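Student: sharing a model prediction with you, sequence too.
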Amino acid sequence: MVPVPSCPRCGAGLGAARGEWSCLQHGSVPPMWPADEASYEAFARHLSCAGTLPTYLPWPMEPGWRVTGFAWVGDAATDTVATMTCCSGYTVPDGPVEVCVVTEEPGTGLGARVARTPWLDPGPDAAQGPPVAKVALDGQNAKLWSVSSQQQQEGDRAALVGEAGGRWLWLTVRPASAVLLLSQGWSLRDVSAFGSVLVDLPFGGPMTEW
């Protein structure tokens, strides 16, 4: 099945005219291409389309965790400007847990959408004060700061953001209490060149709602 393009900032369907994609609310935007299923075959297509932009996953994947969704943003005119992966698992303190990772060029808006922040980019919270967490990112430490989420007060999610390779790096964790996972030595890897190793990744489960 061919993925249906949508707006990276709100998820609405897009129209195409004169070589541009357009959202009724946000105007001209690069299209987001979400996978229609979480499978190895769909993930291989995703990596091919994402090109040289990193696709990050927690690595190694914890036992019992699965890749539940992924998407890329861009087209032939704009190249790839963002990628996203979501995975889910279970912890004793929190029950079912979901972690979404977005890397994006400034101004894309996908990370802010997943995090439910009121800004297009991280806004005034980014890099204010000491970082609240660090993750190992391809062998180096990436510092993360908490950003305000419209659903944070309800405990729905915790949103953190940092910088990697000149792009925004977002991690959104649901429920918010599960953000303590990031203090346990989490590691992210760009899996775009992992090849056949990815065959053994567990895929599936309920598709993520972004």
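Tutor: Cool, the structure landed.
Student: ok, the strand ranked longest in the chain: who's next to it in the sheet?
Tutor: Taking DSSP state E as the criterion, the chain has its longest strand at strand 79-91. Its sheet considered, strand 79-91 pairs with strand 66-75 (antiparallel), strand 95-104 (antiparallel) by DSSP bridges.
Student: could you pull out the strands for the chain?
Tutor: Under DSSP E, the chain gives strands at 15-17, 20-23, 27-28, 32-34, 56-58, 66-75, 79-91, 95-104, 133-137, 140-147, 158-164, 167-174, 187-190.
Student: can you redo those as JSON lines, where the extra columns are mean neighbour count, distance to residue 123 and mean pLDDT?
Tutor: Where C-beta positions appear, they are placed from N, C-alpha and C, glycine not excepted. JSON lines is the format used below for the strands of the chain (neighbours: other Cβ atoms under 10 Å; distance: least, Cβ to Cβ, whole Å; pLDDT from 0 to 100):
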{"stretch": "strand 15-17", "mean neighbour count": "10", "distance to residue 123": "29", "mean pLDDT": "84"}
{"stretch": "strand 20-23", "mean neighbour count": "18", "distance to residue 123": "21", "mean pLDDT": "92"}
{"stretch": "strand 27-28", "mean neighbour count": "10", "distance to residue 123": "20", "mean pLDDT": "93"}
{"stretch": "strand 32-34", "mean neighbour count": "24", "distance to residue 123": "21", "mean pLDDT": "94"}
{"stretch": "strand 56-58", "mean neighbour count": "22", "distance to residue 123": "22", "mean pLDDT": "96"}
{"stretch": "strand 66-75", "mean neighbour count": "23", "distance to residue 123": "20", "mean pLDDT": "95"}
{"stretch": "strand 79-91", "mean neighbour count": "21", "distance to residue 123": "17", "mean pLDDT": "94"}
{"stretch": "strand 95-104", "mean neighbour count": "21", "distance to residue 123": "14", "mean pLDDT": "95"}
{"stretch": "strand 133-137", "mean neighbour count": "19", "distance to residue 123": "18", "mean pLDDT": "92"}
{"stretch": "strand 140-147", "mean neighbour count": "18", "distance to residue 123": "7", "mean pLDDT": "91"}
{"stretch": "strand 158-164", "mean neighbour count": "23", "distance to residue 123": "9", "mean pLDDT": "92"}
{"stretch": "strand 167-174", "mean neighbour count": "24", "distance to residue 123": "11", "mean pLDDT": "95"}
{"stretch": "strand 187-190", "mean neighbour count": "18", "distance to residue 123": "23", "mean pLDDT": "96"}
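Student: closest one to residue 3 among these?
Tutor: Among these, the nearest to residue 3 by Cβ to Cβ is strand 32-34 (4.6 Å).
Student: give me the residues contacting the closest one.
Tutor: 3-8, 11, 49, 69-73, 82, 110, 210 (Cβ atoms under 8 Å, 6 or more residues apart in numbering).
Student: repeat that with 7 Å
Tutor: Outside of strand 32-34, the residues within contact range by Cβ atoms under 7 Å, 6 or more residues apart in numbering are 3, 5-8, 49, 69, 71-73, 110.
Student: spatially, which two of these are the most separated?
Tutor: Greatest spatial distance among the contacts of strand 32-34 (Cβ to Cβ): 7 and 49, at 17.6 Å.
Student: ok, residues contacting the lengthiest helix in the chain?
Tutor: If you go by DSSP state H, the chain has its longest helix at helix 40-50. Residues outside helix 40-50 that contact it (Cβ under 7 Å, 6+ apart) are 33, 35-36, 55, 67, 70, 72, 80, 83, 192, 198-199, 201, 203.
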